[in-house]
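J.: Here is my input; please provide its structure:
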Amino acid sequence: MFPVNTLFAAGECIIKPVVGNWNNADVKSKIGIFADATWNLDFNGNFVPDAHPTDKIASFGVAGDIPITGDWNGDGITEIGTYKGGKWQLDIDNDYTLDNSTTEKLPQLFGTSVGDVPVTGDWNGDGTTDLGIFRSGKWYLDLNNSYSYNAGDRYVASFVIDATSLCKKNLGPEISVGLWKYIASDLKSASTFQVDANKDYIIKDKDGVKIAQVVGTLPSKINYVSDQNFKIRYSIPDKLLNKEISFEAADGDNSTMVFNVHRPLSDYDQYRGKVKIRFTDSNNIWVINALPLEQYTWGMGETTGTGNINHTKVMTSIFRTYGQWYIKYATKYAPYGFKIRSDSGSQIYKGYQWETAHPNIKIAAEATNGIVATYDSDVALTPYSSWSDGRTRSFQERWGSTAYPWCKSVSDPYGKHATMTTAQLEAAGNHMVGLVANGSVKLAANYGWDWQKIMKYYYTGISLKANY
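T.: Numbers count the residues shown, from 1 in each chain. The predicted structure is shown next:
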């Protein structure tokens, strides 16, 4: 980058590289920097910031403007300009000064929608640069060079894309999570399950038949009656539904759906995706959240995401991998209608409020989007615990199975607890198989290991591959 001092003005400093043939002394393009209304242009083309007037340093526009360049008058020299909120300021006479609207052509009504992106080019081949707007995958081009969009211009319908889907990352397969359970008698008398949402939702019965569509802010209240029957009320006229009631987005986009399930005695009540309440065996009633694996990873409750980002990438990658393994292989909770529980026996998931309160988790997850640990091209189970006594245990040593050869015993001075004995560590829930979280913290912060190296140390022979 052309090195210049960063200039700060009120608001956010905008620093943008610009390119053009500023003086037509030769045919070469030259570089420059726009820093909040100040232009620093490499006029002599030596790639060194010289003093004015050897290089051009000029003020044109105001703080927050977007810099644009083009040959506005057809003289073969690149002129400067700015755009902001539909207002274009073009230095038509190339004097690096903002003159009156007649001289500088200040159109006011071209590209005024939120999110519009200015573009420039010689759309009609007349040798002068024309204006354009890119908006939500569509192009609006000032073909007749009138400095506005009118009948003589063109909307490029043949080059339309679905910008939302193009930019959207793959969120992976759906995972169903058992959040918590009621005893049927409690939901019959002492408690009421209540759900509302950030947008309109639909209610379905156990067979997936739509019962009603409800305004998002209107809560549905559910009590257990008897014989596996629920009564749903408040959002709709009282109705009995058997076995299961599910809630999902009315517009079909569950990736932007957030339900509030008003969990008793909890600070974490909001969950992305779909929610259902299901009667299971022994008079238990489970609240279940189904959502894409990636969004499940954003709400991981095993870490706060503070500290070195490589450790957070380790934890999100392990959490995702563990979830992927449960999607593919787990059958333990099939009778209850979900794949994995949200507790220390599976892994702790706290949903949308945890995600927003701890944004580094999502940042780390997006940086490793879809990546899981594999062994012999298959997803690898990735157990983890907090501390070790100086070495990890193999899966066989701890649980007797030889089916998980990547879980070998390795030396672990990094995650060794300073005071607790082996018995105390085990009593506290540390199985010491696979990754040791505090070892990962130290390796990332004190030894400079990246997240891939840490994972491959604790899981022998694994590969890290994008699964979606």
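J.: Where does residue 374 fall, secondary structure wise?
T.: Using DSSP states H and E, residue 374 sits within strand 371-375.
J.: Mind giving me the packing neighbours of that strand?
T.: Applying 3 or more Cβ pairs under 8 Å, 6 or more residues apart in numbering; DSSP states H and E, one finds that strand 371-375 makes contact with helix 309-329, strand 463-466. (C-beta placed from N, C-alpha, C; glycine too.)
J.: got the angle for the longest one vs strand 371-375?
T.: For the pair helix 309-329 and strand 371-375, the angle between their directions (axes from the mean of the first three to the mean of the last three Cα atoms, to 10 degrees) equals 60 degrees.
J.: Buried residues, helix 309-329. List them.
T.: 310-327 (16 or more other Cβ atoms under 10 Å).
J.: before we move on, back to that, pull the distance from the strand holding residue 374 to the chain's centre.
T.: 21 Å (Cα atoms, centre = their mean, to the nearest Å).
J.: cool, stretch 408-420 as well?
T.: Using Cα atoms, centre = their mean, the offset of stretch 408-420 from its chain centre is 34 Å.
J.: any residues touching that stretch, and which ones?
T.: Outside of stretch 408-420, the residues within contact range by Cβ atoms under 8 Å, 6 or more residues apart in numbering are 387-394, 397, 425, 428, 432, 436-440, 442-443, 447, 457-458, 460.
J.: now do 6 Å
T.: 387-388, 390-394, 436, 438-439, 442-443, 460 (Cβ atoms under 6 Å, 6 or more residues apart in numbering).
J.: among the residues you listed, which are in strands?
T.: Members of those lying in strands (criterion: DSSP state E): residue 436.
J.: mind putting the contacts of stretch 408-420 in a markdown table, neighbour count, distance to residue 285 and pLDDT included?
T.: A markdown table is the format used below for the contacts of stretch 408-420 (neighbours: other Cβ atoms under 10 Å; distance: Cβ to Cβ, whole Å; pLDDT from 0 to 100):
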| residue | neighbour count | distance to residue 285 | pLDDT |
| --- | --- | --- | --- |
| 387 | 20 | 36 | 98 |
| 388 | 28 | 39 | 98 |
| 390 | 13 | 44 | 98 |
| 391 | 15 | 43 | 98 |
| 392 | 28 | 39 | 98 |
| 393 | 23 | 37 | 98 |
| 394 | 20 | 39 | 98 |
| 436 | 27 | 37 | 98 |
| 438 | 18 | 37 | 97 |
| 439 | 24 | 40 | 98 |
| 442 | 18 | 43 | 98 |
| 443 | 25 | 43 | 98 |
| 460 | 14 | 42 | 98 |
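J.: Give me the subset of the contacts of stretch 408-420 lying in helices.
T.: Within these, residues falling in helices by DSSP state H are 438, 439, 442, 443.
J.: Which of those sits closest to residue 20?
T.: residue 443 (48.1 Å; Cβ to Cβ).
J.: Does residue 312 touch residue 304 like I think?
T.: No: with contact defined as Cβ atoms under 6 Å, residue 312 does not reach residue 304; the gap is 8.9 Å.
J.: quick one on the thing from earlier: would you list the helices and strands packed on strand 371-375 in TSV and tack on mean pLDDT?
T.: Listed next are the helices and strands packed on strand 371-375 as TSV, based on pLDDT from 0 to 100:
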stretch	mean pLDDT
helix 309-329	97
strand 463-466	96
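J.: Those into a markdown table, with extra columns for distance to residue 378?
T.: Formatted as a markdown table, these follow (distance: least, Cβ to Cβ, whole Å):
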| stretch | distance to residue 378 |
| --- | --- |
| helix 309-329 | 8 |
| strand 463-466 | 10 |
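J.: what's the closest of these to residue 374?
T.: strand 463-466 (5.0 Å).
J.: which other helices and strands contact that closest one?
T.: strand 371-375 (3 or more Cβ pairs under 6 Å, 6 or more residues apart in numbering; DSSP states H and E).
J.: Could you list the paired strands of the strand it packs on along with their orientation?
T.: For strand 371-375, the paired strands and their directions (DSSP bridges) are strand 378-379 (antiparallel), strand 463-466 (antiparallel).
J.: which of those sits most buried?
T.: strand 378-379 (a mean of 16; mean count of other Cβ atoms under 10 Å).
J.: any idea of the mean pLDDT for that one?
T.: What strand 378-379 shows for mean pLDDT is 97.
J.: what's the domain layout of this structure?
T.: Domain assignment for the chain, taken from automatic domain parsing, gives 15-164, 174-466.
J.: looking at the ones you listed, which is buried most?
T.: domain 174-466 (a mean of 18).
J.: Next, format the ones in helices among the contacts of stretch 408-420 as a markdown table and append distance to residue 404.
T.: Shown next, in a markdown table, are those (distance: Cβ to Cβ, whole Å):
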| residue | distance to residue 404 |
| --- | --- |
| 438 | 22 |
| 439 | 19 |
| 442 | 25 |
| 443 | 22 |
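J.: Is it correct that residue 382 is in contact with residue 317?
T.: No: counting by Cβ under 6 Å, residue 382 sits too far from residue 317 to count as a contact (8.3 Å).
J.: Helix, strand or coil: sort out the residue most central in space within the chain for me.
T.: Taking Cα atoms, centre = their mean, the centroid of the chain lies closest to residue 366, which sits 5.5 Å from it. State at residue 366, reduced to three classes by DSSP: H, G, I helix; E, B strand; the rest coil: helix.
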